[in-house]
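Asker: Below are the sequence and a predicted model for it; my questions follow.
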Amino acid sequence: MERPLTKNIQPGRPPFALKEYEQAGGYQSVRKALGSMTPGEVTQLVKDSNLRGRGGAGFSTGMKWSFVPMGDDAPRPKYLVVNGDEMEPGTFKDRVLLEGDPHQLIEAVILASYAIQADVCYVFIRREYVLATRLVNQAIAEAYQGGWIGENIQGSGYSLEVHVHSSAGRYMCGEETGLLNALEGKRVTPRAKPPFPQVSGLWGKPTIVQNVETLCNLPHIVNNGVAWYKSLSVTGEGGTKLFGVSGKVKRPGCWELPVGIPMRELLEEHAGGMRDGVRFRGVLPGGASTDFLVEEHLDTPMDVASIAKAGSRLGTGTMIVLDDKTCPVGMLWNLEHFFAQESCGWCTPCREGLPYTEKILWAFEEGQGKAEDLDVLSKHVRFLGPGLTFCALAPGAMAPLGSGLKHFRGDFEKHLEQKGCPWRS
Amino acid sequence: MAKIFVENQAHEVDSKKNLLEVCLSLGYDIPYFCWHPALGSVGACRQCAVKQFRDENDKQGKLVMSCMTPADDGSRISIHDEEAREFRESIVEWLMTNHPHDCPVCDEGGECHLQDMTVMTGHTYRDYRFPKRTFENQYLGPFLNHEMNRCIECYRCVRYYREYAGGRDLNVFASRNRVYFGRHEDGVLENEFSGNLVEICPTGVFTDKTLKKHYTRKWDLQMAPSLCVHCAAGCNITPGERYGTVRRIVNRYNHHVNGYFLCDRGRFGYEFVNAPERIREPQMRGHGGTLAPVQKQAALGAVAQMLETPEKVIGIGSPRASIESNYALRELVGEEHFYSGVSETERRLTARAIEILRTGPARTPSLVEIEAADAVLILGEDVTQTAPRLALGLRQAALNAPREKAKKIGIPQWHDAALREVIQAEHGPFFIASAAGSRLDEVATATLRAAPNEVARFGFAVAHALDSASPQPSNLSADMQQLAQKAAEALKQAQRPLIVAGVSCGSMAIVEAAANVAAALCRPEAPAHLAIVLPECNSMGLGLLAPRSLDEAAEAVRSGAAETVIVLENDLFRRMGRAEAEALLQGAKAVVAIDHLLNDTTGRAAIVFPASTFAEGDGTLVSHEGRAQGFVQLAGATGSVQESWRWLREISLAAGHHRMADWLNVTEVRTAIADGLKIFAGLESVTPPGSFRIAGQKIPRAPHRYSGRTAMLANISVHEPKPPEDPDSPLSFSMEGYPGMPPASVNPFFWAPSWNSIQSTAKFQEEVGGELRGGDPGLRLLEPPAAADPQYHSDAPADPAQPNGEWLAVPLHHIFGSEELSILSPAIAERAPKPYVALHPEDAGALNLAEGTEAEVRINGSTQRLPVKLAPDMARGLAGIPAGLPQTKSLQLPAWSRITKLP
C-alpha cells in the first residue's frame, strides 16, 4: 500500500532537512513542472486527477484554479494562501504534514503557485501549532537558500515569495474568506461570495486558498501522473487521505489510507475498535461540523460521495466516536458551546442562534429542559442551514445537532423524564 | 431593465439594483436592518429573506437575502411565502434575545426601526427564557448618548462611521454575541458627521444627547420643512418643536442636496433658537443709555421719523438673513443705499464667484453631482470646516474611480461588502492644495501645502497644463510644476471632473485659478463642475442682490452722507475690524438693528426689532450651489418676534410708504422679488402658497398621534388657545389636516404607515435613494449658457516676497466654533477650540516658541495673546488663527502679522 503523503514521515524523528528531502526525490515535481509544463497544463493535470479539497468542502481543486484570471492583463500580485488553521474539533491531520514533512508542503506550494502564476504565498498556520510554524519557517529558509523559492526559481524565470503567518487564533480563520480578512489584519468575518477569492481575494487580488493536505498531493500527481493517482483509492475518487479517529477507541490516531476504505476498517483495524467496556453509538465522520452516522452506516466507504449519500460529510476525514458511556446531549452541548464561542458575530442566526441552542442543551443537562425546546432546537437546525447564514459555520454547527436530534431523540426525552442527565450520578 | 415577478406579479425594474431595493421602490414592505440606501448591502442581519424560485414550475424555491440578490431579469420571488415569513420572524426573535425591551424609557421609542420591523415580522411572543447579556455604556461627548444593551449588531454604525464618513474612533470589538460597538475607551466621538448615527442606528444605541435635555417623542413634535442656517450648503432639515422650544433637528432627505446625512454643526447647532440672548420684544435705548422693551408702535414710529430724510438712511444686509428680508431692506432704503453685510473682500469674491458661475462654461454642481465626481481638485478651501456636508460627499467621490474598476470584474455597485474588499485603500484622483492640513488629506492622491497665493499659482499652472491658452504663472518650482502636470492629466482623463474652491481664505486669485481650471477642462463630452464654497446660509442670495460694499457704507457714515443705519440680522463686528465697526456704529446718528440675538451690534443700536430665526419664520435661502430653497415656520412665534421682512414692511408702512403694502405673505414677497430681479425668476414657486390645499385640507405640522394639544396649556388656562395663523404656508399648527403625502417642499416630516422611523423616507421617494416624489425642493438660479467658451482670468499672480519678519496670518476655520449662531448651542460650544496661533514647528522653532507657549500676535494694529499650536501640516511662513471665534471674530484675515514670544 502506497503512502505518498506520509512516506517521509516517521513519528519521533525530525522532518527531512532540504538535503535529505532532495535525496528522497523531493522537488523533482518542481523541476518537471517549471521545466516542461505550462501553468495551464499543471491546472489541467490537477483537474484530471480529480483531486478534491481536503479541508472539508471537497471541491475540485483544478476547477477552483481555473477561475483565476490568467494572462498579462490579470490583476497583480496574485496570491496562494495555504490554509493551515486546523481548528476543526477532532482534526489533527494537517499538523502531521506540517510537522512531519514541511518541504513537501513547500514543493506543493510552488506547483500550485506556478499553476495560477501567483507572486506571493502566505502559509497561514494555527496559533497553537508552534512547532509546525518553526519547522515550516526553517524549511522556507532552506528552500530560499536552495533556490527553490525566491527570484527566478531554478532558472525558470518564475519567481515566488513565501511567508508564514501565525494566526491569532479563531475557528473562523479556517473559513477561507475569514482567513483572508485575518491576513489583512481585519476582523475575522467571512466575505460574501461571489466575488470568489479567485477573482477578488487577498487585498482584492486573485487568490487561491488551499488546505495543507490538498496541496501535499500535488508533487505526487505531477511526478506520477493521473492514472497512478487514481489507482491509489479503493473507490473511484482517487488518491490517499489522512484519516483520524478520536474518542474512546483503543488506538486513537491518524493514518494515511486509500480514499474509500470502509469506515468499519478504519475504526476496527486501524483504531483498534472500541475500548473495553464501552460500546459504539455513533460517529461524526469528518470533524465536529458533520452529521452523526450510526451503526448501520459503518460499512460506508470513506469518500466524499459515499459519506454524503449516507447523510453526512467526509469533511476533514477525521472522525469523533461517541460511545454509550458518554451523554450525547452533553456532547452536543460541548460542541455547540464551541461553535457559539467561535461565531464571529457577523450574521444574526449564527451570533444569536448558536448561544440559544447552547443554553437549551445546557438546560437539558441541568434538568431545566422543556418538551417545547425540542421544537426550538429543530427550528434552529432548519434556519441555521446552508444559505440562510452568511457562511458555513452555523450550518456546520447544526449538522451534529440535527442528526443528534434524529438519532438520539430518546436520550433527550430521558433528560426530560429524569429532570437531568442520566449519565451524571 | 429587468422583468421580475413578485408574488407572481410582473414588474419592470432596474437590473442594476438588488431585490430589496427594487421591492421597496415598488412599495412592498420587506424588513431589513443592515442594508441602508446610502451604505449598500453586506448581508449581515439576514432580515430581508425572501423565497426565490427558479422558474414558474419551481414550487419549492429557496430562501435568499433580497439585499444580496441582484434583480436579474426573470427573477421570481415571494415575500409572503410562509417559510420566508417564519424565517424573518425568527431573525427578530434572535435579535430580541438580547434586546432589553426598554422602549418606554428609550429615546428611540416611537420612531424606532427595530420596533417597526418587529411588528412587521409578526414576532410578538417570546420563547427565550435565559439571561440577556449586558454591556457598559460609554461617554461619547456632548452630541450622542450611548446605550449598547439595545444593540442588535447590524453593523451599520461602524460601516457608516468608518467607511462612509472616514471616522477612526468608533469600532466593533470582541466577537460572537458579545460584539461591542463603541470607542476603545470613553471619549468624544471625533468625526464631524457623528450625529448621523442617530438615524443610522436602527434602534436606541446612539441617540441625540441634546434632545435628551428637553426630550419629546417624535409623535409629540411639531415639525416643518426647514433649512440649515449654519453654512451655505443648503441642507434640508426637519426641526421639531414643543412648548415653544426647538427640541432637535433630523435630516430631511433631498436627493440633490444632503441626501441622508447632515453634519454635526447642522444637527446640533440649533439651540441658539432657545438661547437666553434671544430678543423677543422691540427695544429702544432710553435716557440711561440702556435698551428697554417698548411698545411696537413706539419703535416703529421712531424709525418712521428717521425715514423722513430717506437720503440719509442706509441699510446693511446680511448673508444669514433670507432673500425676502434682504430684498425688503433694499426696497425700504433704495438700491443705492443698500450695502453688503459682509467684509469687502468677501463681497468682491462672492460677486466674482457669481459672475464665474453665471457665465460658465463650468456648471455649479449639486451635492449629488459632487458625489458622482471621478476626479477632484480642491484649491484653498478646507471644506470639512466651511461646508462640511460637501466634504462627506467628496469622500464618496474619491471612491468612484476604484468603483469603476470593481464594475469591470462584475461587482454590482450595491454590493458594499465586495466593493470594499476590491477597493481596499484605493482612491481615485484627488488633489488638495491648501495652507493647512485637512481631514480630506487622507483620501488625497497628493497634497500641496502653500500660502493662498501659491495655491492660486498652482491652480493657474494646472489650468495652463490643460490648455496653453490659460495664463501661466511665473517662476513655479519644479515640484509644483510636476504636481500641476499630474493633476491636470488626472482631471483630463476623468469623465466627471470637479474643481472645488471657496472664499474662506480671502483670495481672489484662488477663485480665478479654480475658474480657469474648470474652464480649461470643459468639453462637450465631459462637462466639468466648479463648486465655489461661500461662507453663510444666504451668502449667495445676498450676493445676487448685488449690494454695495460695506467699506462704502462706513465711508457714507464717516462723511455724514448717512445718518441712520439699519442693520439687518448682522453683527458688524464679524465683518470688519473692531475699530472700523465701532466707528461705523458710533458714527451714525442712529442705528436700527433687526436681529434675533443680542450681540455687539444690537448692543450699540438705538432701536432693536426682534427677528425670527428659521424656526419662527418663512423665507428663502440660496445655497452656494445657487439653489433657492424655502423654509417654513416651525412654531408660532412668541412675543413680537416676526420675520425681518415683516418688520421692514411695517417700518415702511409706518413711514407712509406703500411699496410693500401688498406683502401680506411670503409668496407675495417672492413674487415681488421675481418680478424685480430677473435672476430670481420663478422664486414664488419654491414652496406652494398659503392658499394651497390638498382635498381642501391643510398639511398638518404635527403627526396624527400628537398628544395633549388640548391639555398642553391647561395648567394656565382650560381654554385651548386658537392655533396661530399661518398666511405663508399651507401647513397647519395642528395634527389635523391632509393625512397623505404632501409636495416635498412642504413635507413637514417623514412618516408612513408601518414606518415610524426616518427609514420611512423610502416611501417618499420615486425609487429608493432617488428623487422625492413630485420632485425635490429647490430652484437652481445659476445655469451657464449651454455652449459657453472658456473665458480665462487674466494674469496669474506673481510670487510675492515675504515682508521682512512678518508672517501671513491665515484664517483656519472650525466646524465647531467658526460659525456665529451654532456656537451659542452648548454642545457645539463644548467642541469649539480655544483661540491659538498655529505655526509650522520649524517656524515656531525659529521664533523660539514651543507648543503651548504664549505669543504676542499683532495684526492690523490689534494685539492678541495666543498660545502656540504646532501644526506640522501647515505651510511654512504662515500663522494660522482660528476664524470666527468670539475672541477672533473681528480679525480680518489674511493679513500680515508680527509674532513675538512673550517674556
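Answerer: Okay, I see it.

Asker: Please, where are all the helices along the stretch 151-300 of chain A?
Answerer: For the stretch 151-300 of chain A, the helices defined by DSSP state H, counting those that start in this stretch occupy A:176-183, A:212-216, A:218-231, A:263-265.

Asker: which residues touch A:W65?
Answerer: A:T43, A:V46, A:K47, A:A112, A:A115, A:I116, A:Q198, A:I208 (Cβ atoms under 8 Å, 6 or more residues apart in numbering or on different chains). Where you see a C-beta, it was placed from the backbone N, CA and C, and this is true even at glycine.

Asker: so which of these is the most crowded?
Answerer: Neighbour counts for the contacts of A:W65 (other Cβ atoms under 10 Å in any protein chain shown) peak at A:A115, which has 29 neighbours.

Asker: So B:R574 is in contact with B:T888, correct?
Answerer: No - with contacts counted by Cβ atoms under 8 Å, B:R574 stays clear of B:T888, the gap being 10.0 Å.

Asker: Show me the contacts of A:W65 that map onto helices.
Answerer: Those of these mapping onto helices are A:T43, A:V46, A:K47, A:A112, A:A115, A:I116, per DSSP state H.

Asker: related to what we said a few turns ago, ok, of the contacts of A:W65, which one's closest to A:H270?
Answerer: Using Cβ to Cβ, A:V46 comes nearest to A:H270 of the contacts of A:W65, at 28.3 Å.

Asker: Now do the same for the closest one: its pLDDT.
Answerer: Per-residue confidence (pLDDT) for A:V46: 97.

Asker: Longest strand in chain B, please.
Answerer: Assignment by DSSP state E gives strand B:862-870 as the longest strand of chain B.

Asker: Tally up the residues packed near residue 333, please.
Answerer: In the absence of a named chain, chain A is used. A count of nearby residues for A:W333, using other Cβ under 10 Å, gives 23.

Asker: wait, chain B
Answerer: 25.

Asker: Compute the distance between the closest residue to it other than its chain neighbours and B:L545, please.
Answerer: Using Cβ to Cβ, 6 or more residues apart in numbering or on different chains and skipping the chain neighbours, the partner closest in space to B:V333 is B:G315 (3.8 Å). B:G315 is 11 Å from B:L545, where distance means Cβ to Cβ, to the nearest Å.

Asker: Neighbour count for those two, which is higher?
Answerer: B:G315 (27 against 22).

Asker: shaky segments in chain B?
Answerer: Low-confidence segments of chain B (pLDDT under 70): B:787-788, B:796, B:799-802.

Asker: What residues does the residue sitting nearest the centre point of it make contact with?
Answerer: When Cα atoms, centre = their mean is applied to chain B, the residue found nearest the centroid is B:C235 (4.1 Å). If a contact means Cβ under 8 Å, 6+ apart, then B:C235 has B:L227, B:C228, B:N251, B:N254, B:V257, B:N258, B:L262, B:C263, B:G266, B:R389 as its contacts.

Asker: ok so, going back, put the alpha carbons of the longest strand of chain B into PDB.
Answerer: Provided in PDB are the C-alpha atoms of strand B:862-870 (Å, rounded to 0.1, in the frame of the first residue of the first chain):
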ATOM      1  CA  SER B 862      -4.600  94.900  17.200                       C
ATOM      2  CA  THR B 863      -2.700  92.700  19.600                       C
ATOM      3  CA  GLN B 864      -3.600  89.200  20.700                       C
ATOM      4  CA  ARG B 865      -2.000  86.900  23.200                       C
ATOM      5  CA  LEU B 866      -2.400  83.400  21.900                       C
ATOM      6  CA  PRO B 867      -0.900  80.100  22.900                       C
ATOM      7  CA  VAL B 868       1.100  78.400  20.100                       C
ATOM      8  CA  LYS B 869      -0.100  75.300  18.500                       C
ATOM      9  CA  LEU B 870       2.500  73.300  16.500                       C
END
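
Asker: Buried residues of it, list them for me.
Answerer: By neighbour count with 16 or more other Cβ atoms under 10 Å in any protein chain shown, strand B:862-870 contains the buried residues B:Q864, B:L866, B:V868, B:K869, B:L870.

Asker: What ranges in chain A fall below the confidence cut-off?
Answerer: For chain A, the stretches flagged by pLDDT under 70 are A:425.

Asker: so how far is A:K241 from the spatially most central residue of it?
Answerer: Taking Cα atoms, centre = their mean, the centroid of chain A lies closest to A:G55, which sits 2.5 Å from it. To A:K241, A:G55 is 12 Å away according to Cβ to Cβ.

Asker: quick one: common contacting residues for these two?
Answerer: Common neighbours of A:G55 and A:K241 (Cβ under 8 Å, 6+ apart) are A:E213.

Asker: Provide a list of residues in contact with residue 216.
Answerer: I'll assume chain A. A:L5, A:L97, A:D101, A:Q104, A:L105, A:A108.

Asker: meant chain B actually
Answerer: Counting by Cβ under 8 Å, 6+ apart, B:T216 makes contact with B:G240, B:R242, B:R247.

Asker: Going by distance to chain A, which of these wins?
Answerer: B:G240 (32.0 Å; Cβ to the nearest Cβ).

Asker: surely the closest one meets B:Y270?
Answerer: No - applying Cβ under 8 Å as the test, B:G240 and B:Y270 come out as separate, 9.6 Å apart.

Asker: which of those two has more neighbours?
Answerer: Set B:G240 next to B:Y270 and count neighbours by other Cβ under 10 Å: B:Y270 wins out with 30 against 26.

Asker: would you list every one of the helices in the stretch 301-425 of chain A?
Answerer: Here the stretch 301-425 of chain A has its helices, by DSSP H, counting those that start in this stretch, at A:304-310, A:328-342, A:348, A:354-365, A:371-383, A:393-407, A:409-418.

Asker: list the helices and strands the fifth one packs on?
Answerer: Helix A:371-383 sits against helix A:354-365, helix A:393-407, helix A:409-418, helix B:82-96, with contacts defined as 3 or more Cβ pairs under 8 Å, 6 or more residues apart in numbering or on different chains; DSSP states H and E.

Asker: Using CSV, write down the CA coordinates of stretch B:639-658.
Answerer: Taking C-alpha atoms only, stretch B:639-658 is exported to CSV below (Å, rounded to 0.1, in the frame of the first residue of the first chain):
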residue,chain,number,x,y,z
GLY,B,639,-43.7,87.8,21.9
SER,B,640,-43.4,90.2,19.0
VAL,B,641,-41.0,88.1,17.1
GLN,B,642,-41.6,88.0,13.3
GLU,B,643,-39.6,87.8,10.1
SER,B,644,-37.4,90.8,9.3
TRP,B,645,-39.2,91.3,6.1
ARG,B,646,-42.4,91.8,8.1
TRP,B,647,-40.7,94.3,10.3
LEU,B,648,-39.3,96.2,7.3
ARG,B,649,-42.8,96.2,5.7
GLU,B,650,-44.2,97.6,8.9
ILE,B,651,-41.5,100.3,9.1
SER,B,652,-42.2,101.2,5.5
LEU,B,653,-45.9,101.5,6.2
ALA,B,654,-45.3,103.5,9.4
ALA,B,655,-43.2,105.9,7.3
GLY,B,656,-46.1,106.3,4.9
HIS,B,657,-44.8,104.2,2.1
HIS,B,658,-46.9,101.7,0.3
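
Asker: Can you give the contact residues for it?
Answerer: Residues outside stretch B:639-658 that contact it (Cβ under 8 Å, 6+ apart): B:279-282, B:296, B:300-301, B:303-304, B:307-308, B:321-322, B:324-325, B:327-329, B:331-332, B:568-569, B:594, B:596, B:609-612, B:616-619, B:659-661, B:663, B:666, B:669.

Asker: With that, I have no additional questions.
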